[in-house]
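Visitor: The sequence isn't on hand, but the structure is:
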């Protein structure tokens, strides 16, 4: 048994043990299971909110994007930092309202703000549609990482099954506590691994980071900047903006915000997390280094693993694999917990009002293995279309932003029907544009050529706002005759 395989096995067992131990001493009603009893401290909330920085998508995708598309990868550095700046104002507002109304999920916010369970159901369905492919991506990434870093001794199929079973087991038992207990180990390990290889590999292969960048520019002039027509400044700006707006619209981020025991945490985090985001620069350095050392990869997302295997000893590759594995398991736990909560709380509960308390918690936990099986099906049968589905996921959740922000106003001009219509139209448009592989220039050819490659999500978001405004003007603002409380 290789050193890499031993390290991978030990860290998986550690993650499983910590995940199960997360429930120790706690009565697991739905509030405790889904939002940690609203008692998480600053460090745990920091790590949960930082979770989007380090997933398998960023662990493999940031290096792969810089390998394939060069300077276009810089957008990954930018959108998270901008999102955390927005969270300085947004997160405390979400927490205060969630605390006062004892909200458990993102749809609960819309139910309470718009006095409409119908809107809550629409938000829940959009959230599940967005999160299941995202969970699938974590599992698929886990399989690739384990297969590559175990030098093929564990197949991707076996790794995905083992990872999914372990993930489903400890999420069913511990819920959000499983993600919280593993988040500390994950982020410490990822920081060490990413900074180490981001500094070592350029120096080892080129003499310095500066020399590596000069060599990349000499080999492919323009690779370090936005040189491809499809990745022009218009694409860059709109991709950063849309990703930043959608960042905190993922349902599992609402759960992380609700889990905090006080609101002071969020503004401290908003100051620190953009700095934390800069660590991804080292992942991009690895992608540029791989561009020099391991050219011609058919799948650029393997660039970090390919150069690590060719330049590092087995034990070091094992730690890289363990970090990547945790990048799948921790966000995966948040996604599973939140997805199951949405289905139980906001889809089934309105249909069966008698569900409450422990019974509702049991229903949510019963859906964990079902959701995991759906994600497994997508892993093995989804094909390349899943990449499109992930892009759709971000586009879907961004459609929630206008009605969510306007709901913070004292006199919200948007009606529940208007909000739902805008969301559905926006999601439908971005689905059509993404699956059809259409650009903004294809659907709006009259625009100046510099705007032809705007992120298509911008078209959908503008349509969302227009439809929302028109329908709201016809149907009136949100009903205020009586308060519709989220199901508890």
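Guide: Done, it's in. What you see is a predicted model, and the numbers here were worked out from it, not measured in a lab.

Visitor: Give me the pLDDT for the nearest residue to residue 440 once chain neighbours are set aside.
Guide: Once flanking residues are discounted, residue 440 sits nearest to residue 454: 4.4 Å by Cβ to Cβ, 6 or more residues apart in numbering. (Glycine included, C-beta is placed from N, CA and C.) pLDDT recorded at residue 454 is 90.

Visitor: and the gap between the residue lying closest to residue 62 once chain neighbours are set aside and residue 245?
Guide: Spatial nearest neighbour of residue 62, chain neighbours left out: residue 283 (4.3 Å); criterion: Cβ to Cβ, 6+ apart. Per Cβ to Cβ, to the nearest Å, residue 283 is found 23 Å from residue 245.

Visitor: Mind checking which of the two has more residues around it?
Guide: residue 283 (28 against 24; other Cβ atoms under 10 Å).

Visitor: That one and residue 74: what is the separation?
Guide: Distance from residue 283 to residue 74, by Cβ to Cβ: 12 Å.

Visitor: Check residue 316 too.
Guide: 27 Å.

Visitor: swap in residue 331?
Guide: Applying Cβ to Cβ to residue 331 and residue 74 gives a distance of 23 Å.

Visitor: who's more crowded, the two?
Guide: Neighbour count, other Cβ under 10 Å: between residue 331 and residue 74, residue 331 has more, with 27 against 18.

Visitor: Could you report the pLDDT at the residue lying closest to the more buried one once chain neighbours are set aside?
Guide: Sequence neighbours aside, residue 55 is the residue nearest to residue 331 in space, at 4.6 Å (criterion: Cβ to Cβ, 6+ apart). pLDDT recorded at residue 55 is 85.

Visitor: what does the one 3 residues further on give?
Guide: Per-residue confidence (pLDDT) for residue 58: 74.

Visitor: just checking, it is part of a helix?
Guide: Yes: counting by DSSP: H, G, I helix; E, B strand; the rest coil, residue 58 is located in a helix.

Visitor: in the lengthiest helix in the chain, what's buried?
Guide: When the chain is parsed with DSSP state H, its longest helix is helix 117-149. Neighbour counts over helix 117-149 (16 or more other Cβ atoms under 10 Å) mark 117, 119-149 as buried.

Visitor: what does stretch 96-111 give?
Guide: 97-99, 101, 103-111.

Visitor: do the same with stretch 170-190
Guide: 170-183, 185-187, 189-190.

Visitor: for the stretch 251-400 of the chain, what spans make up the helices?
Guide: 251-258, 264-277, 280-293, 303-311, 314-342, 357-381, 385-398 (DSSP state H, counting those that start in this stretch).

Visitor: would you turn those helices into CSV with mean pLDDT?
Guide: Below are the helices of the stretch 251-400 of the chain laid out as CSV (pLDDT from 0 to 100):
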stretch, mean pLDDT
helix 251-258, 94
helix 264-277, 89
helix 280-293, 96
helix 303-311, 95
helix 314-342, 95
helix 357-381, 92
helix 385-398, 69
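
Visitor: Stretch 28-43: end-to-end distance?
Guide: This stretch, stretch 28-43, spans 22 Å end to end (Cα to Cα, to the nearest Å).

Visitor: Then stretch 202-210?
Guide: End-to-end for stretch 202-210, by Cα to Cα: 9 Å.

Visitor: Following element in sequence after the helix or strand of the chain with the lowest mean pLDDT, please.
Guide: Lowest mean confidence among the helices and strands of the chain (mean pLDDT, DSSP states H and E): helix 385-398, at a mean of 69. Counting by DSSP states H and E, the element after helix 385-398 in chain order, helix or strand, is helix 401-406.

Visitor: Could you list every helix and strand in contact with that next one?
Guide: Packing contacts for helix 401-406, counted by 3 or more Cβ pairs under 8 Å, 6 or more residues apart in numbering; DSSP states H and E, involve helix 106-114, helix 416-435, helix 456-475.

Visitor: show me what contacts the nearest residue to residue 23 once chain neighbours are set aside?
Guide: Nearest residue to residue 23 in three dimensions, chain neighbours excluded: residue 174, at 4.0 Å (Cβ to Cβ, 6+ apart). Applying Cβ atoms under 8 Å, 6 or more residues apart in numbering, we find residue 174 in contact with 19, 20, 21, 22, 23, 28, 33, 181.

Visitor: can you count the residues close to the residue nearest to residue 331?
Guide: 22.

Visitor: now swap in residue 469 and tell me
Guide: 15.

Visitor: on that earlier part again, any chance of the helices and strands packed on helix 401-406 in TSV with distance to residue 221 as columns?
Guide: As requested, the helices and strands packed on helix 401-406 are exported to TSV (distance: least, Cβ to Cβ, whole Å):
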stretch	distance to residue 221
helix 106-114	46
helix 416-435	31
helix 456-475	29
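
Visitor: re the thing from before, show me the one of the helices of the stretch 251-400 of the chain that comes nearest residue 216.
Guide: Residue 216 sits nearest to helix 280-293 of all these, at 5.1 Å, using Cβ to Cβ.

Visitor: how much distance is there from the closest one to the middle of the chain?
Guide: 22 Å (Cα atoms, centre = their mean, to the nearest Å).

Visitor: which strands and helices sit next to that helix?
Guide: Packed next to helix 280-293, using 3+ Cβ pairs under 8 Å, 6+ apart, are helix 56-69, helix 74-101, helix 176-206, helix 209-219, helix 303-311.

Visitor: deepest of those, which one?
Guide: Highest mean neighbour count of the helices and strands packed on helix 280-293: helix 56-69, a mean of 25 (counted as mean count of other Cβ atoms under 10 Å).

Visitor: Run through who's touching it.
Guide: 52, 72-73, 76, 137-138, 140-142, 144-145, 190, 228, 231, 280, 283-284, 286-288, 290-291, 297, 299-305, 323-324, 327-328, 331, 390.

Visitor: again, 6 Å this time
Guide: Surrounding helix 56-69, the residues in contact under the criterion Cβ atoms under 6 Å, 6 or more residues apart in numbering are 73, 76, 137-138, 141, 280, 283-284, 286-288, 290-291, 300-301, 303-304, 324, 327-328.

Visitor: can I assume residue 173 is in contact with residue 20?
Guide: Yes: proximity of residue 173 to residue 20 meets the contact threshold set by Cβ atoms under 6 Å, at 5.5 Å.

Visitor: shared neighbours, the two?
Guide: Counting by Cβ under 6 Å, 6+ apart, nothing touches both residue 173 and residue 20.

Visitor: Please compute how far the one helix or strand residue 166 maps to lies from its chain's middle.
Guide: In this assignment (DSSP H and E), residue 166 forms part of helix 156-174. When distances are taken as Cα atoms, centre = their mean, helix 156-174 is centred 19 Å away from the chain's centroid.

Visitor: residues of that helix that come out buried?
Guide: 156, 159-164, 166-174.

Visitor: and which of those residues is nearest residue 351?
Guide: Distances from residue 351 to the buried residues of helix 156-174, taken by Cβ to Cβ, are shortest for residue 172, at 22.5 Å.

Visitor: Residue 469 and residue 281, how far apart?
Guide: 40 Å.

Visitor: and if you look at residue 174?
Guide: From residue 174 to residue 281 the distance is 34 Å (Cβ to Cβ).

Visitor: can I get the contacts of residue 174 in JSON lines with secondary structure and distance to residue 267?
Guide: Formatted as JSON lines, the contacts of residue 174 follow (DSSP: H, G, I helix; E, B strand; the rest coil; distance: Cβ to Cβ, whole Å):
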{"residue": "19", "secondary structure": "helix", "distance to residue 267": "30"}
{"residue": "20", "secondary structure": "helix", "distance to residue 267": "34"}
{"residue": "21", "secondary structure": "helix", "distance to residue 267": "31"}
{"residue": "22", "secondary structure": "coil", "distance to residue 267": "27"}
{"residue": "23", "secondary structure": "coil", "distance to residue 267": "30"}
{"residue": "28", "secondary structure": "coil", "distance to residue 267": "31"}
{"residue": "33", "secondary structure": "helix", "distance to residue 267": "28"}
{"residue": "181", "secondary structure": "helix", "distance to residue 267": "25"}
